[in-house]
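Visitor: sequence first, predicted model second:
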Amino acid sequence: MEDSQRTILSVKDLRVSMDTYDGELQAVRGVSFEIKEGEALVIVGESGCGKSVTAQSILRLNPEPPARIKSGEISLDGIDIIQADEKKMQQIRGSLAGMIFQDPMTSLNPTMTVGRQIGETLEIHQKVKKHGRLQMAVDLLSAVRIPGAAERVKQYPGAFSGGMRQRALIAAAIACKPKLLIADEPTTALDVTIQAQIIDLLRSIQKSNGMSILLITHDLAVAASIAQRIAVMYAGKIVEIGSAREIFHHPKHPYTWGLMNSIPSPDQDQNSELQTIGGTPPRLVNPSPGCGFAPRCPYAMRICLETEPEQQEVAGDHQCACWLLHPGAPKVERAAKEGILIAG
Ligand code: SF4
């Protein structure tokens, strides 16, 4: 991605907390990243790492309370999202940025036809008249590769399979040609074949519309199939970020190594066990000082438990926060696992 390309989304030092009965849960702890025009950035990490809270903050979709944006900046196409009121956010959602969610089975209203649901976005944001809306909904369903779109547009979601519902949701999300599409675990509820079709569809829309994509996933293999850049999140922070090529060929963070080693190889024996990362993510109420990954990290040193590592430049735009990058740290290499394919 060239530096001269315009930045669509800029997030700087974002901190989001949730007020819980246990105290303040620090879900997002100083996250910064940018997405350029036409670029796909994937945030990858285990559940509870703060990736969905980060994504939903961009459209202010986290319920406030209990969520609170404590500090930081979010600029979407030059608009200050943190200062925007609800009226402004309603204009932005669906027009400047579309969003699709994990569960296509519950994200559509079962009592409205699919065409009417797609048409609603066009009516709200582009004031398209009824007949025009129907035709545009048919065109959108065709664009997301739903066969027999002219008939399908009149049907209710109950007549759609899971994969077709996700396509219909993508059609609604791109109806007003948003500059950014946020996709939060869009393939998790789908089987592997449909997953691949949805990712392929997102890639082709990204190419034809010049749209930027922010995709959230726990699955590094999904990230590999679409990302130009990858941000690895752990315990509310980005611990490693860089081009997909850099992250897959020269990963530096032990957590990224763990995620990569847990991707099954194409030639892996079906009966052999997958490698997993031992332990569980930390609770983010009163998080411990030091590196959040230390209790699970086989390379943890004393300093890791005491002082948080800063982001360091590894190469170009590849950055990583780990004490192993310190010149005085022991040299540790990851045993590379073969067979991971990276998107174009
Ligand atoms: Fe492991 Fe220390 Fe690096 Fe954290 S900073 S990932 S504990 S080596």
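Guide: Cool, the structure landed.
Visitor: from Tyr156, how far out is Thr106?
Guide: Using C-beta to C-beta, to the nearest Å, Thr106 is found at 14 Å from Tyr156. C-beta here means a position set from N, CA and C on the backbone, and glycine is covered the same way.
Visitor: what about these two, which has more around it?
Guide: With neighbours defined as other C-beta atoms under 10 Å, Thr106 and Tyr156 compare such that Tyr156 has more, 15 against 12.
Visitor: where's the more buried one relative to Arg6, distance?
Guide: 40 Å.
Visitor: next: Val128.
Guide: Distance of Val128 to Arg6, given as C-beta to C-beta: 28 Å.
Visitor: and these two? Which one has more around it.
Guide: Taking neighbours as other C-beta under 10 Å, Val128 and Arg6 compare with Val128 leading, 19 against 11.
Visitor: regarding that one, what is its secondary structure?
Guide: Following DSSP: H, G, I helix; E, B strand; the rest coil, the label given to Val128 is coil.
Visitor: what sits closest to it if chain neighbours are left out?
Guide: Spatial nearest neighbour of Val128, excluding adjacent residues (C-beta to C-beta, 6 or more residues apart in numbering): Leu122 at 4.2 Å.
Visitor: do I have it right that the one you found meets Ala175?
Guide: Yes - between Leu122 and Ala175 there is a contact at 5.4 Å, judged by C-beta atoms under 8 Å.
Visitor: where does the prediction get shaky in the protein?
Guide: The chain contains residues with pLDDT under 70 at 1-4, 104, 189, 265-274, 335-344.
Visitor: quick one, strands of it?
Guide: Assigned by DSSP state E, the chain shows strands spanning 7-20, 23-36, 40-44, 67-76, 79-80, 97-100, 180-184, 212-217, 229-234, 237-243, 312-315, 318-320.
Visitor: now do the contacts for the spatially most central residue of the chain.
Guide: Nearest to the geometric centre of the chain sits Ile216, at 1.9 Å (C-alpha atoms, centre = their mean). Counting by C-beta atoms under 8 Å, 6 or more residues apart in numbering, Ile216 makes contact with 42-43, 51-52, 55, 182-185.
Visitor: near the ligand, from those residues?
Guide: Applying C-beta under 6 Å from any ligand atom to the contacts of Ile216, one finds that nothing falls near the ligand.
Visitor: farthest pair within those?
Guide: Val42 and Ser52 (13.2 Å; C-beta to C-beta).
Visitor: in terms of neighbours, single out the busier of these two.
Guide: Neighbours around Val42 and Ser52, counted as other C-beta under 10 Å, are more numerous at Val42. The numbers are 27 against 20.
Visitor: and the more buried one, bridged to which residues?
Guide: Using DSSP bridges, the bridge partners assigned to Val42 are Leu215, Ile230.
Visitor: now do it against Leu9, distance only.
Guide: 14 Å.
Visitor: try Leu134
Guide: 33 Å.
Visitor: tell me which of the two has more neighbours.
Guide: Neighbours of Leu134 and Leu9, each counted by other C-beta under 10 Å, are more numerous for Leu9; the result is 23 against 20.
Visitor: and the more buried one, what is it in contact with?
Guide: Residues in contact with Leu9 (C-beta under 8 Å, 6+ apart) are 34-35, 58, 74-77, 180, 212, 214.
Visitor: now swap in Ile205 and tell me
Guide: Ile205 makes contacts with 143-144, 170, 174, 181, 211, as judged by C-beta under 8 Å, 6+ apart.
Visitor: and the residues you listed, which is closest to Thr113?
Guide: For the contacts of Ile205, the nearest to Thr113 is Val144 (16.1 Å; C-beta to C-beta).
Visitor: get me the contact residues on this structure for the ligand.
Guide: So the chain meets the ligand at 253-254, 291, 293-294, 297, 299-301, 304, 309, 322-324 (C-beta under 6 Å from any ligand atom).
Visitor: if you rank these by neighbours, which is first?
Guide: Cys291 (27 neighbours).
Visitor: which residue packs closest to that residue, ignoring adjacent ones?
Guide: Cys291 sits nearest to Cys304 (C-beta to C-beta, 6+ apart), 4.5 Å away.
Visitor: contacting residues around that neighbour?
Guide: When contacts are taken as C-beta under 8 Å, 6+ apart, Cys304 is in contact with 290-291, 294, 297, 323.
Visitor: which non-adjacent residue is nearest Glu86?
Guide: Distances taken as C-beta to C-beta, 6+ apart place Arg60 nearest to Glu86, at 7.9 Å, with adjacent residues excluded.
Visitor: for stretch 210-230, output the C-alpha coordinates as PDB.
Guide: Extracted in PDB, the C-alpha atoms of stretch 210-230 (Å, rounded to 0.1, in the frame of the first residue of the first chain):
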ATOM      1  CA  GLY A 210     -12.300   0.700  -4.200                       C
ATOM      2  CA  MET A 211     -13.700   0.300  -0.700                       C
ATOM      3  CA  SER A 212     -11.500  -0.100   2.400                       C
ATOM      4  CA  ILE A 213     -12.200  -3.000   4.700                       C
ATOM      5  CA  LEU A 214     -11.700  -3.500   8.400                       C
ATOM      6  CA  LEU A 215     -12.200  -7.200   9.100                       C
ATOM      7  CA  ILE A 216     -12.300  -8.700  12.600                       C
ATOM      8  CA  THR A 217     -11.500 -12.400  13.000                       C
ATOM      9  CA  HIS A 218     -10.000 -14.900  15.500                       C
ATOM     10  CA  ASP A 219      -8.800 -17.000  12.500                       C
ATOM     11  CA  LEU A 220      -5.400 -16.100  11.000                       C
ATOM     12  CA  ALA A 221      -6.200 -18.300   8.000                       C
ATOM     13  CA  VAL A 222      -9.200 -16.000   7.200                       C
ATOM     14  CA  ALA A 223      -6.900 -13.000   7.700                       C
ATOM     15  CA  ALA A 224      -4.400 -14.500   5.200                       C
ATOM     16  CA  SER A 225      -7.000 -14.700   2.500                       C
ATOM     17  CA  ILE A 226      -7.900 -11.000   2.400                       C
ATOM     18  CA  ALA A 227      -5.600  -8.800   4.400                       C
ATOM     19  CA  GLN A 228      -3.100  -6.300   2.900                       C
ATOM     20  CA  ARG A 229      -2.200  -5.500   6.500                       C
ATOM     21  CA  ILE A 230      -2.700  -7.400   9.800                       C
END
